[in-house]
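Prediction below, plus the sequence it came from.
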4 protein chains.
Amino acid sequence: MATSPTFQNLPSDKQERILDGALSEFADKGYARASLNSLVARLGIAKGSIFQYFTDKAGLFAHVFDFAVNRVKNHLRGVREETRGADVFTRIRLSVLAGLGLIEKNPRLFRLYLKIMFEGDIPFRAQLLQSILLFGRDYIVDLLRDGVESGELDPNLNLELAAFVVEAVLERFLVASAVEHMDPDLGLFAAGQERAEELVGQVVMVLKHGLAGKY
Amino acid sequence: MATSPTFQNLPSDKQERILDGALSEFADKGYARASLNSLVARLGIAKGSIFQYFTDKAGLFAHVFDFAVNRVKNHLRGVREETRGADVFTRIRLSVLAGLGLIEKNPRLFRLYLKIMFEGDIPFRAQLLQSILLFGRDYIVDLLRDGVESGELDPNLNLELAAFVVEAVLERFLVASAVEHMDPDLGLFAAGQERAEELVGQVVMVLKHGLAGKY
Amino acid sequence: MATSPTFQNLPSDKQERILDGALSEFADKGYARASLNSLVARLGIAKGSIFQYFTDKAGLFAHVFDFAVNRVKNHLRGVREETRGADVFTRIRLSVLAGLGLIEKNPRLFRLYLKIMFEGDIPFRAQLLQSILLFGRDYIVDLLRDGVESGELDPNLNLELAAFVVEAVLERFLVASAVEHMDPDLGLFAAGQERAEELVGQVVMVLKHGLAGKY
Amino acid sequence: MATSPTFQNLPSDKQERILDGALSEFADKGYARASLNSLVARLGIAKGSIFQYFTDKAGLFAHVFDFAVNRVKNHLRGVREETRGADVFTRIRLSVLAGLGLIEKNPRLFRLYLKIMFEGDIPFRAQLLQSILLFGRDYIVDLLRDGVESGELDPNLNLELAAFVVEAVLERFLVASAVEHMDPDLGLFAAGQERAEELVGQVVMVLKHGLAGKY
DNA sequence: AATGAATGAGACTTCATTCAT
DNA sequence: GATGAATGAAGTCTCATTCAT
């Protein structure tokens, strides 16, 4: 939308190279501190070109955002399909692990999301967040609804509330992983990252049986 | 240590006014984008004065951080004592509500924490985060341990894992509240903020009985 | 290396104008007190441009230094060649006069050297000084060695010591001239500057025959 | 002259402590870069006091200058008297060594002189320099005149010219020593400083017999 | 008489953006 | 269409000086 035809006509590998470089810049430094000077230096393109492609720093950012979100959505959609048929707690567990795997391979995606979430004056901030948050919530509610329909979950369970809890745990894992990437010594994970798989399994068990359950 | 004697000698209401103004600035814009120019303009003091008080932007930040953390710690310690004797889920519920109340009255405190958490080049970032994270985790583990000792929770429950889940939910609420303050129309809360009390109660129930429980 | 391609691509008369203006600034005020503000004001260019050209105040300084040193070296090399064949004391005399002439036409060159020599925190100070001092000493030692080889000087004369004395006198003349430019009324020259030529000749005579000689 | 009665009434050890601290500051950083902030911090006195004592940065500087010059003059006068009776080249040699010794013990004195000599906008610069230069020249001319009177030097020797040469060598040694203090690795001395005594003797010999002499 | 808090000019530097080539 | 030189606002920080206490 904000992209000029000039950019569209670029060979698509160059398009990708530019968006990818910009993603790194924004994910590393946030919107305000991201420097177009740094960016063009790293990309080896002229500073003027950025403005011909995207009119604005804001325009570039918007495009980078789309680029990033689409990668994530595609990934998650894949997970939802691949796990269809498994029981609901397995699917939750696998979704968490899929998220962790995505961050592991591409930490910038989640870091960009966090920057948008907590930085003050990002252009279209509310709008961008909405589009992510809704997608995430829908994803989880769908998972849980499948669980109710298959009889694994009590039909009286309030799906919104349950989704709230699941989402909390999911985000907690993802944040832990993202922060671990920034500060390996912080120990946010409560366990070494290499034991993530085991940890996720156990936490999902706690989620399943509740804190007041029998262990 | 980061504060000059000049600052210590100021009338304490002036000290507070300055720290409070700085807290707002950092909480709103994060470390890097916070502007001493705009701070002194708002405070109506000379630019040079800030540097007589704090050596550095970083020094000011360090002091603001202490200032903020102490407020939070005192608040939480109060809650822990006041709820001693209540059952563990009530205590969790009240702790969440206390946190929400604190944010309601002083949204900048949690926003500052989030900025520190996710911004890149904050001075002493890892160190500052540690000091917050450890405090939070200890607080929750203590609560749960009390619950085990009073027989409310199964002694086989892994406290670390349980704390992970509780912390996740707590943070999710706090983030929701903080973000709601930044973007009231975002709807992150899944419910209007005025219904927070009810919502917290229900979520804690989900937490208590687990997703696979009977409702 | 200290110069950005941006600067290299400038029309060379603009390059020269900038370096020349900067030379004046540094020669007048030394490194620390030289003001880029006042430089750009005098040059009529934007403050930002300086930083596109030179990364740093230090970078600008380094380039100005090269610019200045090369002028001097070229000049001196010219004198060495032109006087080849003359007797050694004539060559010394002409070298001093050449130095004085250079300062007369471009007083800033030697003033810059003095600033580097006696100012404290100049970037790469020791390194820069070395490069000048060695050149100067070599120049004089070469002159004297030619004198020994042509039989004008006693082969037992310690060239290093002799060079020390010649260098002292040379520098004394140059300093006198440079300071005279700063404070015309100071009378450091012991004689009006217009009589420099005669004065140099006589001083070289004293140098030649020694203080204990017959006059 | 520029000193307030307030300063005069100070206990004289405090006066000295202040002037000495200021001497260090000016000798290290020159006039413009010397920081009253640093000075008062080091002295442990109030910033306001400086202005009550000296009205100005310039006033403080003028006083420090007097303080320093008097030390040097007293020292040199001592040397002149102590060496009376020795032959003129011995006296020159001893004067150089005395100067070197003074710098060795109190490098700040000569560094201050150099700063005044080569820095641009020092208050009363010309005036201050005059008072030093004249003293130095008179000192040397006196020495040489004694030499003529005692028959050691040819009465036809132009004393002004000879003094010019001697002064040059003297300053060259002092500058070398002062710079050596700032940059020990620079090698300006042509010999290790520990061999200064021998070096001075040899250079004075060159001075005595001239470059064209027999060795 | 001494203090030290307050001040604001001016220092270097970064950056998004414009526009002639 | 691409380039990159030019710009100036805004950033952090230092400093001499003033003046109420």
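Received the coordinates, thanks. Numbering: from 1, shown residues only, chains lettered A, B, ... in the order given.

what's near enough to touch whichever residue of chain A sits closest to chain C?
Across chain A, the shortest distance to chain C (Cβ to the nearest Cβ) belongs to A:Asn37, at 10.0 Å. In short, each C-beta sits where N, CA and C put it, glycine included. Residues near A:Asn37 by Cβ atoms under 8 Å, 6 or more residues apart in numbering or on different chains: A:Lys47.

near DNA strand F at all, the host helix or strand of it?
Secondary structure assigned from DSSP states H and E places A:Asn37 in helix A:36-43. No. Using Cβ under 7 Å from any atom of the strand, we find that helix A:36-43 stays clear of DNA strand F, coming within 8.2 Å at best.

tell me what whichever helix or strand comes after that helix is packed against?
Once helix A:36-43 ends, the next helix or strand along the chain (criterion: DSSP H and E) is helix A:47-54. Using 3 or more Cβ pairs under 8 Å, 6 or more residues apart in numbering or on different chains; DSSP states H and E, the elements in contact with helix A:47-54 are helix A:5-8, helix A:36-43, helix A:57-83.

Does helix A:47-54 reach DNA strand F?
Yes. Contact of helix A:47-54 with DNA strand F (Cβ under 7 Å from any atom of the strand) involves A:Lys47, A:Gly48, A:Ser49, A:Phe51, A:Gln52, A:Tyr53.

Please compute how far that helix lies from its chain's middle.
How far helix A:47-54 lies from its chain's middle: 27 Å, per Cα atoms, centre = their mean, to the nearest Å.

now stretch A:93-107
Relative to its parent chain, stretch A:93-107 has a centroid offset of 9 Å by Cα atoms, centre = their mean.

re earlier: output the residues of helix A:47-54 next to DNA strand F in CSV; the columns should cover pLDDT.
Converted to CSV, the residues of helix A:47-54 next to DNA strand F look like this (pLDDT from 0 to 100):
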residue, pLDDT
A:Lys47, 93
A:Gly48, 94
A:Ser49, 95
A:Phe51, 94
A:Gln52, 94
A:Tyr53, 95
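
can I get those in TSV with neighbour count?
Output for the residues of helix A:47-54 next to DNA strand F, formatted as TSV (neighbours: other Cβ atoms under 10 Å in any protein chain shown):
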residue	neighbour count
A:Lys47	11
A:Gly48	9
A:Ser49	15
A:Phe51	15
A:Gln52	11
A:Tyr53	22
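
What is the neighbour count of A:Thr6?
Close neighbours of A:Thr6, defined as other Cβ atoms under 10 Å in any protein chain shown, add up to 11.

try A:Ala162
Residues near A:Ala162, counting by other Cβ under 10 Å: 25.

and what of the one 3 residues further on?
A total of 21 residues lie near A:Val165 under the criterion other Cβ under 10 Å.

close enough to count as contact, it and B:Leu211?
Yes. Counting by Cβ atoms under 8 Å, A:Val165 touches B:Leu211, with 7.4 Å between them.

Give me the helices and strands touching the worst-scoring helix or strand of chain A on mean pLDDT, please.
Every helix and strand in chain A was compared by mean pLDDT, DSSP states H and E; the lowest is helix A:5-8, with a mean of 86. If contacts are counted by 3+ Cβ pairs under 8 Å, 6+ apart, helix A:5-8 sits against helix A:47-54.
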